[in-house]
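Novice: Dropping the sequence and predicted coords here.
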Amino acid sequence: LLDGAPIFNPTHMFGLFSAFPSEAVSGFDLYKGNVPARYGGRAAAVLDVTMKQPSLEKFSMEGGISLVSNRLKVDIPLIENKLGIMISGRGAFNSFLLPLVSQQFDNIRANFGDAASKLFWRINNKNTFSASAYYSKDFFQTELLGTIADINATSTQFDYQTVNFSGQWFRAINNNVNLQTSVATSDYVPELILPEFNSDNSVRISSGVDFRQIKSNLNILKETQKIEMGIDATYYIINPGKLNPGTSPSVSPVSLLNEKGLELGIFLENEIDINDNLTVSGGLRYSHFLNLGPADVRIYDTPIRDELSLVDTVSFGNNDLVANYGGFEPRFGLRYALNKSSSIKFGYNLMRQYMQVVSNTTTPIPTARWKTSDRYIKPQVSSLITAGYFKELEDNIYEYSVVSFDKSLEILSKGTQIAKKYTKTFD
C-alpha cells in the first residue's frame, strides 16, 4: 500500500528496484504476525508505506544523477502554514549503455520511471485534507521470443504501468476522538508486445486491474486504551486478457469478459496497556464478497471439469450476482516488554483473500494475471500464528528478531479442497 492505494507490481525491472521512490517516503509499517483488523482482502503480511508531507513553510529541492537512475524532489508551500505540495520523480533511461557492457545486449532495452506527489491542506485546527498521486512505467525488451502461435516476432517487449490516487479527510472531534475517511484508486495495466518481422505492426496482449475503495474509521484514544472501528467497500474490475493483433492476418482478436467484484468489510479493534510491560490487542473483522456479472458460467455434471463433463452454460447480465462469500476474521496480539529494548510478541490472524494472482514465479512479472473468486474458485483463508523475540538497537534504528510462524492456508474450489500447513523459523 502507498498512502492507502495498493501497488499490484511493487518492483521495477522484475524485482531489481523497488517501485517506491525513496525520496517521497516518510516511513512504513510492516505487519507480519499481528495484522490490524482494518486491513482486509489479503492472506499474508501488509506493507503500508506513507508518503512525506510537503513543507508548509519553505521551498526546497533535492536530487541526484547516476548511471542507474536520476531523481528529483521538490517541496512547494502554496499558502504558508496552510497548503503545500510535494513532487518527486525518478527515472532510469540508460539502455544506451548496455551495448558498452557486451554486444549481446545490443537489442536489450530496460527503462523505468515513476513520479509521486502529495498535497496537504490544513483547513483549520480540527480538519486536514491530503491527496496523493503515483505513476510508474516500465519498458523491457529482449530477443527471447514468446511462444504465441502464428506470430513471427522480432523481439518480446514488456510494457506495464500503474496509476494511483488517494485522498484522506481527517476530522478531530475532540482531543481523544477522531474520524478518518479516505478514498483510493489503483489502475494497473501490463502489456506484452510482439513486433512482427518485416512489418510496422505489433501484436499486443494486455490485461489489467481497476481498484476502487472508500473507507471510514473512528479512533478513540484513552490513557491506556486505543479503540478503532470502521467500514470499507472495495470494487474490482479485472481485465483477464485481450489479444489485439493489429493488422496481422494470421491472428484473430480475442477479448475475455471483464470480471467484477465488490468486497464489503466492517471491523472493530481494541488495544489495551495492561501495565508498563504488557499490551494486548484484539480485533474482529467481517468481510463479504460479491462476484458480479457479466459472466458465462459453465455447468458440469462431474467434479472433473472438462469438455466431456460440460452440460450447460449459464449467462449472467451486468451486475448480476454470480457468487458470494464471507466470514469473520479474528485478530489477536500480545506484546510483553522484557526491558526498554527487548520484547516477546505473539499474534494470531485469520484472513480472507478474494482476489488471486496467477503466476509461475514468486517474482512480480507483467505476465501474471489476476482473478476474482467465483463459482469455482473460492477465496483463500489464511490462519497464522506467530511468536518471536525482538531486540531494538541504536535508539530503535535497527531491529533484529527470531520469529516462528505456523500458517494454515486453505484454497478451495468446487469439488476440491487443498490445505497446506507449514512452520518457518528464521533469524
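Specialist: That came through, no problem.
Novice: wait, what's in contact with I87?
Specialist: Contact partners of I87, counting by C-beta atoms under 8 Å, 6 or more residues apart in numbering, are K73, V74, I76, A115, A116, S117. C-beta: built from backbone N, CA, C; applies to glycine.
Novice: Next one, pLDDT for it please.
Specialist: I87 is assigned 96 on the pLDDT scale.
Novice: again with the one 5 residues further on
Specialist: According to the prediction, A92 has pLDDT 86.
Novice: Just give the closest residue to it, not the sequence neighbours.
Specialist: S69 (4.1 Å; C-beta to C-beta, 6 or more residues apart in numbering).
Novice: okay but that neighbour is in contact with L16, surely?
Specialist: No. Using C-beta atoms under 8 Å as the test, S69 is too far from L16 to be in contact (10.8 Å).
Novice: Those two - which one has more neighbours?
Specialist: S69 (18 against 12; other C-beta atoms under 10 Å).
Novice: Compute the distance between that one and M13, please.
Specialist: 10 Å (C-beta to C-beta, to the nearest Å).
Novice: tell me, what's touching those two both at once?
Specialist: Shared contacts of S69 and M13, counting by C-beta under 8 Å, 6+ apart, come down to A92.
Novice: ok so, going back, please identify which of the contacts of I87 is nearest to Q353.
Specialist: A116 (26.9 Å; C-beta to C-beta).
Novice: follow-up on the earlier one: OK, contacts around the residue nearest to A92?
Specialist: Neighbours of S69 in contact, by C-beta under 8 Å, 6+ apart: F17, R90, G91, A92.
Novice: separation between the second one and I365?
Specialist: What that stands for is R90. From R90 to I365 the distance is 21 Å (C-beta to C-beta).
Novice: higher neighbour count, those two?
Specialist: Each of R90 and I365 has its neighbours counted (other C-beta under 10 Å); R90 has more, 24 against 16.
Novice: for the stretch 101-250 of the chain, what spans make up the strands?
Specialist: Using DSSP state E, counting those that start in this stretch, the strands found in the stretch 101-250 of the chain span residues 109-122, 127-142, 156-172, 177-195, 202-221, 225-244.
Novice: Buried residues in the last one, which are they?
Specialist: Across strand 225-244, burial judged by 16 or more other C-beta atoms under 10 Å covers 228-230, 232, 234-240, 242-244.
Novice: swap in the second one?
Specialist: Neighbour-count burial for strand 127-142 flags 128, 130-141 (criterion: 16+ other C-beta under 10 Å).
Novice: Distance to V189 and pLDDT added to the residues you listed, as a markdown table?
Specialist: Converted to a markdown table, those look like this (distance: C-beta to C-beta, whole Å; pLDDT from 0 to 100):
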| residue | distance to V189 | pLDDT |
| --- | --- | --- |
| T128 | 32 | 97 |
| S130 | 26 | 97 |
| A131 | 22 | 97 |
| S132 | 20 | 96 |
| A133 | 16 | 97 |
| Y134 | 14 | 96 |
| Y135 | 12 | 96 |
| S136 | 11 | 94 |
| K137 | 10 | 94 |
| D138 | 11 | 92 |
| F139 | 13 | 92 |
| F140 | 15 | 89 |
| Q141 | 18 | 87 |
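Novice: and which of those residues is nearest V163?
Specialist: Among the buried residues of strand 127-142, and counting by C-beta to C-beta, the member closest to V163 is Y135, at 5.4 Å.
Novice: Okay, and the beta partners of the spatially closest residue to the closest one that is not a sequence neighbour?
Specialist: Residue nearest to Y135 in three dimensions, not counting chain neighbours: A115, with 4.9 Å by C-beta to C-beta, 6+ apart. Judged by DSSP bridges, the bridge partners of A115 are G89, Y135.
Novice: Settle this for me: A115 is touching V74, isn't it.
Specialist: No. The pair A115 / V74 is not scored as a contact, 11.3 Å apart, by C-beta under 8 Å.
Novice: Quick check: which ranges of the stretch 1-150 of the chain have low pLDDT?
Specialist: Filtered on pLDDT under 70, the stretch 1-150 of the chain yields the residue ranges 96-105, 145-147.
Novice: Quick one: the helices in it, in order.
Specialist: Ranges of helices in the stretch 1-150 of the chain, per DSSP state H, counting those that start in this stretch, are 98-101.
Novice: List only buried entries from the contacts of S69.
Specialist: F17, R90, A92.
Novice: ok, now how distant is G63 from Y135?
Specialist: The value you get for G63 to Y135, if C-beta to C-beta is used, is 18 Å.
Novice: Also F93?
Specialist: Relative to Y135, and taking C-beta to C-beta, F93 is found at 15 Å.
Novice: which ones are touching the closest residue to M86 other than its chain neighbours?
Specialist: Of all residues not flanking M86 in the chain, P54 sits nearest, at 3.8 Å (C-beta to C-beta, 6+ apart). Applying C-beta under 8 Å, 6+ apart, we find P54 in contact with D75, I76, P77, G84, I85, M86, K118, L119, F120.
Novice: Distance-wise, check P54 relative to R375.
Specialist: Counting by C-beta to C-beta - P54 and R375 are separated by 47 Å.
Novice: same thing with G230?
Specialist: 31 Å.
Novice: Low-confidence stretches in the stretch 251-400 of the chain?
Specialist: 396.
Novice: please redo it, this time with the cut-off set to 90
Specialist: Low-confidence segments of the stretch 251-400 of the chain (pLDDT under 90): 251-252, 301-309, 340-341, 356-369, 376-377, 390-400.
Novice: hmm, back to that, mutual contacts of A115 and V74, please.
Specialist: I87, S88.
Novice: before we move on, back to that, report the contact partners of the residue nearest to Y135.
Specialist: Counting by C-beta under 8 Å, 6+ apart, A115 has contacts P21, I87, S88, G89, R90, A133, Y134, Y135, S136.
Novice: and Y398, what does it touch?
Specialist: Counting by C-beta under 8 Å, 6+ apart, Y398 has contacts E392.
Novice: which residues does it bridge with?
Specialist: L393.
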